[in-house]
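# Quick one: sequence plus predicted model below, questions after.
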Amino acid sequence: AQTVTQSQPEMSVQEAETVTLSCTYDTSESDYYLFWYKQPPSRQMILVIRQEAYKQQNATENRFSVNFQKAAKSFSLKISDSQLGDAAMYFCAYKVRSGYALNFGKGTSLLVTP
Amino acid sequence: NAGVTQTPKFQVLKTGQSMTLQCAQDMNHEYMSWYRQDPGMGLRLIHYSVGAGITDQGEVPNGYNVSRSTTEDFPLRLLSAAPSQTSVYFCASSAQDRGNTEAFFGQGTRLTVV
């Protein structure tokens, strides 16, 4: 079974600063996908960024980037120039290519202070 | 586009009552799934469907039934509600490409069983 671990239940960052959220996963598969989802207080699940395991280049979406270390099974999310609107719960998720379901971590609650 | 629509958004049930959470998507997605979100637990898969007439169990299926008579609809039935089923429920859908396809989520149903 695949497991996803987010070791930081809560994180705090000041506006305009940079924060990194950690995620590790356990799998015996070689072809899979990793995702970061954002859940603001509205409850809506929003895809932030995705990474394909066979791609060595780290994915980037504007202020959001990942550090994907396949050998270490690590997939951290870096948020640059943090904004108040970034405050949310962030979930790391894994999906094997041959499957359908997402396996989620327990989430990291990000607080952004002015 | 409506995307994934869940109803109701909030519901209070008494122990032993039954109810159906509705989920509909208008993107012609083959894959649909139900998750429950509990504090500190992330999202856990209840049931999923890979197409009309095909359903299967996820990680936490006990106490829930599903059916998929059309591509668009994937209702979740609680047969006899229990306080342990108090949770936020999410329906999600994605296209047949099981690899990098983004999962689209409904806005969730907050269910309280008293």
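Good, I have the coordinates.
# list the contacts for residue 9?
Chain wasn't specified; assuming chain A. Shown in contact with residue A:9 (CB atoms under 8 Å, 6 or more residues apart in numbering or on different chains): A:106, A:107, A:108, A:109, B:40. C-beta here means a position set from N, CA and C on the backbone, and glycine is covered the same way.
# you looked at the wrong chain, it should be chain B
With contacts defined as CB under 8 Å, 6+ apart, residue B:9 is in contact with B:107, B:108, B:109, B:110.
# Can you tell me which of the residues you listed is closest to residue A:30?
residue B:108 (33.5 Å; CB to CB).
# where's the closest residue to residue A:13 other than its chain neighbours relative to chain B, distance?
Spatial nearest neighbour of residue A:13, chain neighbours left out: residue A:19 (3.8 Å); criterion: CB to CB, 6 or more residues apart in numbering or on different chains. Distance of residue A:19 to chain B, computed by CB to the nearest CB, to the nearest Å: 20 Å.
# wait, isn't residue A:19 in contact with residue A:8?
No - look at residue A:19 against residue A:8 with CB atoms under 8 Å: they stay out of range, at 9.9 Å.
# Between these two, which has more neighbouring residues?
Between residue A:19 and residue A:8, counted using other CB atoms under 10 Å in any protein chain shown, the more crowded position is residue A:19 (20 against 15).
# Could you pull up the contacting residues of that one?
A:11, A:13, A:78, A:79, A:82, A:110.
# for residue B:5, same thing?
By CB under 8 Å, 6+ apart, the neighbours of residue B:5 are B:22, B:23, B:24, B:25, B:26, B:106.
# Please verify my assumption that the first one contacts residue B:7.
Yes - with contact defined as CB under 8 Å, residue B:22 counts as touching residue B:7 (4.7 Å).
# hmm, back to that, out of the contacts of residue A:9, who's the most crowded?
The most crowded member of those, judged by other CB under 10 Å, is residue A:107 (24 neighbours).
# wait, isn't that residue in contact with residue B:38?
No - counting by CB under 8 Å, residue A:107 does not reach residue B:38; the two are 10.7 Å apart.
# partners of residue A:11 in the sheet?
Residue A:11 has the following beta-bridge partners by DSSP bridges: residue A:110.
# That one: neighbouring residues, count only.
Residue A:11 has 16 nearby residues by other CB under 10 Å.
# How about residue B:88?
Neighbours of residue B:88 using other CB under 10 Å come to 16.
# mind checking pLDDT for it?
Note for residue B:88: predicted pLDDT of 97.
# For it, which non-adjacent residue is closest in space?
residue B:37 (4.5 Å).
# same for the strand or helix carrying the one you found, what does it pack against?
In this structure, residue B:37 is located in strand B:31-38 according to DSSP states H and E. The helices and strands touching strand B:31-38, judged by 3 or more CB pairs under 8 Å, 6 or more residues apart in numbering or on different chains; DSSP states H and E, are strand B:19-25, strand B:42-51, strand B:87-94.
# No more questions from me, cheers.
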